[in-house]
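Student: next come a sequence and a model predicted from it.
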Amino acid sequence: MPSNAHPTGPGSTGSDSRGQDSSGQGHFVAAIEDTPVAPVDRLDETQKARSTWADAWESMRRRPTFWVSSVLILLIMIVALFPSWFASVPPNSNCLLANSNGVPSADHPFGFTRLGCDVYARVIFGTQASVTVGVLATFLVTVVGIIVGALAGYYGGFLDAIVSRVGDIFFAVPTVLGAIVLLSVVPERTPVVIALVMSIFAWPQIARIMRGAVLTARNSDYVTASVALGVSKFKILLRHVLPNAIAPVIVIATVSLGTFIVAEATLSFLGIGLGSDIMSWGNDIGQAQTTIRTAPQVLLYPAGALSITVLAFLMLGDVVRDALDPQARARR
Amino acid sequence: MIQLVTQSVPTIRRDGKDPLLQIRDLEVGFKTQYGVVPAVRGVSLTLYAGQTLAIVGESGSGKTTTAQAIINLLAGTGQVTGGQILFEGRDLTTLSAQDMQGVRGSLIGYVPQDPMSNLNPVWNIGFQVEEAIKANSDLRGKDLRARTIAVLKEAGLSDAQDRLKQYPHQFSGGMRQRVLIGIGLSSRPKLLIADEPTSALDVTVQRQILDHLGTLTRDYGTSVLFITHDLGLAAERAEQLVVMYKGKIVESGPSKEILANPQHPYTQRLVAAAPSLASKRIQAKKHDEAANIYSAGGTDTALIDRAAIREELAPTRDLITVEGISKMYRIRTQGLKYTELLAVNDISFGIKKGTTSAIVGESGSGKSTVAKLILQLETLTSGRIEFDGSDVAGLRGKDLLNFRRRVQPVFQDPYGSLDPQYNVGNTIAEPLLAHKIGTKKERQARVLELLDQVSMPAATQFRYPSELSGGQRQRIAIARALALKPDVLVLDEAVSALDVLVQGQILNLLTELQTELQLTYLFITHDLAVVRLVADNVCVMQKGRIVEAASTDDVFDNPQQSYTQELLAAIPGGDFVFGR
């Protein structure tokens, strides 16, 4: 309610009202009831205390995208850990050539492959290998990247020069190309090996991001304050620099989980990824090439599972980035 | 007392002239995830042609939002939710985006706050001024170039012709602000809105720029709307004053009248807290109301007594002795070439225990470098610093740790010096942890004791810095510095970023702590008025050298050096007597 009131101020000198003053510039004093004066700079104790992480959670909680992607990822994880809960038919035990490229039916909702295996069972059981590669590679890359990037950024100088150049050399080799070369010489191609090989070529990305974030945090005033308080250099790295530099890495790690799953599929499709005895989406997509016209379901279902998984991680990464971005978080 | 005026708003005229700008019951809100938050609540003001009006208020009072609403430049989700903004009788709130463009620049000029970020670093100065002129006139080619040079010359850049091709980074802060003022005035607007146009600048530069702005607006009859937090500036430069608090106008009218005789309790508080050259040193004395501490009248005897006691207590030997220290920085210019910059040039001074010494200087004078040298955050190029009788240069390991325990810093930026990931309790306990003092329980108790010393409730320990205001954060920073019971606090611009009321509170707190804990302060600041309030001795620095060093009263009442005199004269409203 906009009020046009011209109240008289405390101890008024009588020159307070604009109504009497035709120029609109007389001495005006607002009524105290209208503009109560609060104590200077008192802490508002009614609000709940919140850390940056609690704040981030608060902002994520409100996004439907966060819940959709989280539920999807949870489901994918459960499928990866306990495939037999979802598919009663072991995928390879009762493949019948009679069912070759068979169409979907009630018992076999996704149809059959060329060798007469149940596509649904293969998609379910293939989850494990694909997700293992993604999670393991992301974990390795993040750990190595954080350690290397943090040390290089924090201590700088000679160490930084060496580490950064080595990182650049690996950075110059595309992950998939490097993995193709290395995988053609390893004796066995299990999910762990694939994840290791991809990590070798992918850590510099995280290391670079970490280094940049550490450089910013290292030059902040709170680090200088800690030095002056007498905190040791390494403890400052652990206590102040790392926690403040980790946010962008978490964002990239979430997104890259999806890309590692794609990379594994690419390698398997090319026949250089997981061994042909290991069930994975990539292998299935590769084998489905031959029947793409006659039985498209053999291609579509593993490819669909792959897309949904990658999409779920990308969506989560997006939400996490928004929540951790200081600009989006700023409130006052 | 409240009566509703039901008839239409009466026509406002002065000397038979209509107002240039008339704001009626303006309401502005910002949309957030918690709903619309009002930022401006029913603001009305009137400005005539050729007048200067200042809006003052603390941060968050809505003064900038009001100004931005006039030219429809509200940040983010802000929108005008009610009221009228009449400019020459036209309501600006109802104009289309296209019509508004015609008003902006050509009729209403705007000088933004921060000269450092408001010029585009990838375009040269000439281009940016030309762009503004082109947008508001038909001048092209040679005429445009000539006009550009004229605009910059008017703004006080005498060598404008040669500097057109230079980029913003080649200009100093003051120069950039002149360019922005030139752009703002380039099309001879009828109204110029200047949002804290000089608050990022040194006082001497500020004075030049304000003088210049005054001349320009007088010559062309431009009205000026100042947004400022500086009451002295408002007293000196504005005829009309509007005091805002929490989105509302609490008092408005002729500025001298208001400042000499403030009526609203908030204005009274604000005026009382405004540091000026007429203030006296704060004496440690518990007051219920922070503002009272500034009123010198009536406490004269107590003041003299206390000064005498302080002098008596002062030991003859200095706690900190600085002898001929210098600091040279090597700055890489091109490739492997270096130039040398003498940031601190052969300075000496001493600080007695329990006293406050201030180092005053403009930006680039080397005052912060002195603080860093004393704190052992930078190494000396030459000279000697003694603390409590022993040389501190090259302290290592345990000795350095011991020195750090006794000499603690408080930094300028209360937003940067606390780790955002740490809650207040952990922040204050950190020095105790680093020096392995006490058990967890003892540390916890000490944290509560420290919070109490800086007048913060115990519940603050669970808060994170982002939830606290600037003044509250600075209290936490002070509590952290006090955790180890140090002898010396080095305060590097510790109150410069704070609103005047909060600043007053912190200065009071520091004075009380000094008496209570026998602390010695080294106060680094650019603000002479603050020095008058807290310091016993002053060193005035210019270009790495101390040009004058004496007791505070000597420096203020009887400055010997022309540079000191210039600094004192440049303080806006320095000689204005505020109503107390």
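Tutor: Done, it's in. Numbers count the residues shown, from 1 in each chain, chains lettered A, B, ... in the order given.
Student: on the pLDDT front, check residue B:7 for me.
Tutor: Confidence at residue B:7, expressed as pLDDT, is 41.
Student: does the residue in the stretch 201-350 of chain B that chain A sits nearest to sit in a helix, a strand or a coil?
Tutor: Ranked by CB to the nearest CB, the top residue of the stretch 201-350 of chain B for proximity to chain A is residue B:253, at 3.4 Å. C-beta: built from backbone N, CA, C; applies to glycine. At residue B:253 the chain is in strand, as set by DSSP: H, G, I helix; E, B strand; the rest coil.
Student: what about it, neighbour count?
Tutor: For residue B:253, the neighbour count with other CB atoms under 10 Å in any protein chain shown is 21.
Student: just checking, it touches residue A:26?
Tutor: Yes: Residue B:253 is within contact range of residue A:26, at 5.8 Å (criterion: CB atoms under 8 Å).
Student: any idea which element residue A:252 lies in?
Tutor: Assigned by DSSP states H and E, residue A:252 belongs to helix A:242-269.
Student: helix or strand right after the worst-scoring helix or strand of chain B on mean pLDDT?
Tutor: Lowest on mean pLDDT, DSSP states H and E among the helices and strands of chain B sits helix B:300-313, with a mean of 57. Moving toward the C-terminus from helix B:300-313, the next helix or strand (DSSP H and E) is strand B:318-332.
Student: show me what that following strand is packed up against.
Tutor: Strand B:318-332 is packed against strand B:338-352, helix B:367-374, strand B:382-387, strand B:520-525, with contacts defined by 3 or more CB pairs under 8 Å, 6 or more residues apart in numbering or on different chains; DSSP states H and E.
Student: centre of the chain versus the helix or strand that comes right after the third one, how much separation?
Tutor: This means strand B:382-387. Using DSSP H and E, the helix or strand that follows strand B:382-387 towards the C-terminus is strand B:390-391. The chain centre lies 36 Å from the centre of strand B:390-391; the measure is CA atoms, centre = their mean, to the nearest Å.
Student: let's see the helix or strand just after strand B:390-391 as CSV, backbone CA atoms only.
Tutor: Next along the chain after strand B:390-391, taking DSSP H and E as the criterion, comes helix B:397-406. Extracted as CSV, the C-alpha positions of helix B:397-406 are listed here (Å, rounded to 0.1, in the frame of the first residue of the first chain):
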residue,chain,number,x,y,z
GLY,B,397,60.7,-22.6,12.5
LYS,B,398,59.8,-22.3,16.1
ASP,B,399,61.0,-18.7,16.4
LEU,B,400,58.9,-17.7,13.5
LEU,B,401,55.9,-19.5,14.9
ASN,B,402,56.4,-17.7,18.2
PHE,B,403,56.6,-14.4,16.4
ARG,B,404,53.4,-15.2,14.5
ARG,B,405,51.7,-15.9,17.8
ARG,B,406,52.5,-12.4,19.1
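Student: return the set of buried residues in helix B:397-406.
Tutor: By 16 or more other CB atoms under 10 Å in any protein chain shown, the buried positions in helix B:397-406 come out as B:401, B:403-405.
Student: and the strands in the stretch 51-200 of chain B?
Tutor: With strands called from DSSP state E, counting those that start in this stretch, the stretch 51-200 of chain B shows them at B:52-56, B:78-87, B:90-91, B:108-111, B:191-195.
Student: now those in a markdown table, with mean neighbour count and distance to chain A?
Tutor: A markdown table is the format used below for the strands of the stretch 51-200 of chain B (neighbours: other CB atoms under 10 Å in any protein chain shown; distance: least, CB to the nearest CB, whole Å):
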| stretch | mean neighbour count | distance to chain A |
| --- | --- | --- |
| strand B:52-56 | 26 | 9 |
| strand B:78-87 | 19 | 6 |
| strand B:90-91 | 14 | 15 |
| strand B:108-111 | 24 | 19 |
| strand B:191-195 | 24 | 16 |
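Student: okay, now residue B:337: neighbour count?
Tutor: If you count neighbours by other CB under 10 Å, residue B:337 ends up with 8.
Student: the one 4 residues further on too?
Tutor: Residue B:341 is flanked by 13 other residues according to other CB under 10 Å.
Student: could you do residue B:541 as well?
Tutor: Number of residues near residue B:541 (other CB under 10 Å) recorded here: 25.
Student: now do residue B:113
Tutor: 18.
Student: next: residue B:492.
Tutor: Around residue B:492 there are 22 other residues, counting by other CB under 10 Å.
Student: hang on, residue B:262 packs against residue B:256?
Tutor: No: counting by CB under 8 Å, residue B:262 does not reach residue B:256; the two are 11.5 Å apart.
Student: which of the two has more neighbours?
Tutor: Neighbour count, other CB under 10 Å: between residue B:262 and residue B:256, residue B:262 has more, with 23 against 15.
Student: let me know the secondary structure of that one.
Tutor: Put simply, residue B:262 is coil when judged by three-state DSSP.
Student: now do it, the pLDDT please.
Tutor: Reported pLDDT for residue B:262: 90.
Student: contacting residues around it?
Tutor: Applying CB atoms under 8 Å, 6 or more residues apart in numbering or on different chains, we find residue B:262 in contact with B:251, B:268, B:270-271, B:579.
Student: can you tell me how far the residue lying closest to residue B:413 once chain neighbours are set aside sits from residue B:419?
Tutor: With CB to CB, 6 or more residues apart in numbering or on different chains as the criterion, residue B:413 has its nearest non-adjacent residue at 5.6 Å, and that residue is residue A:221. Using CB to CB, to the nearest Å, residue A:221 is found at 10 Å from residue B:419.
Student: between those two, which one's more packed in?
Tutor: residue B:419 (25 against 18).
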